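> all I have is the shape, not the residue letters:
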DNA sequence: CCAATGACGACTT
DNA sequence: GAAGTCGCCATTG
């Protein structure tokens, strides 16, 4: 899996990492950005903003900010869709934030095994 | 071309 | 320890 790091297509790498997130787990923008060496967590979030039209669909609901808050829930088709999806996967949401975020936190290196 | 914004993060006060 | 400020890089106005 050679990482091209083509800044014009880096969001493809972001999608790949987000798709690798196991069900019931969550990760952060900064982690993805750091893993892909994007240099800014904003780039990861920006890429996910367009993930809605990406195929296959990207489980962006599994990506939250450093605080574990569902910062992008308003960007979904429905503001509550993100929380519903997370709860459906066993992730408890409290005050728009992931419960036991440290426990649900997932790192791309885990996928490397 | 310049300025402002953004699904963020880390540092400083 | 909490709140505020600056920095990152790309897109849009």
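Alright, I've got the coordinates. The structure displayed is predicted, hence computed values, not measured ones. Residues are numbered from 1 along each chain as shown, chains lettered A, B, ... in the order given.
> switch to C-alpha atoms for all contacts and neighbour counts from now on
Noted.
> which residues touch residue A:20?
Contacts for residue A:20 (CA atoms under 8 Å, 6 or more residues apart in numbering) come out as A:108, A:111.
> separation between it and residue A:9?
18 Å (CA to CA, to the nearest Å).
> identify the residues contacting the lowest-mean-pLDDT helix or strand in chain A?
Sorted by mean pLDDT, DSSP states H and E, the helices and strands of chain A end with helix A:109-112, the least confident at a mean of 84. The contact list for helix A:109-112, computed with CA under 8 Å, 6+ apart, reads residue A:20.
> stretch A:97-107 too?
Contacts to stretch A:97-107, defined as CA under 8 Å, 6+ apart, come from residues A:21, A:24-27, A:31, A:67-70, A:91-93.
> distance between the ends of it?
18 Å.
> go on, stretch A:88-101?
First-to-last distance for stretch A:88-101 - CA to CA - comes to 16 Å.
> what's the average pLDDT for it?
Over the span of stretch A:88-101, the pLDDT mean works out to 95.
> same thing with stretch A:57-64?
96.
> and what of stretch A:40-47?
For stretch A:40-47, mean pLDDT is 94.
> show me the contacts for residue A:49.
Residues near residue A:49 by CA under 8 Å, 6+ apart: residue A:75.
> for DNA strand C, see how far away it is.
10 Å (CA to the nearest atom of the strand, to the nearest Å).
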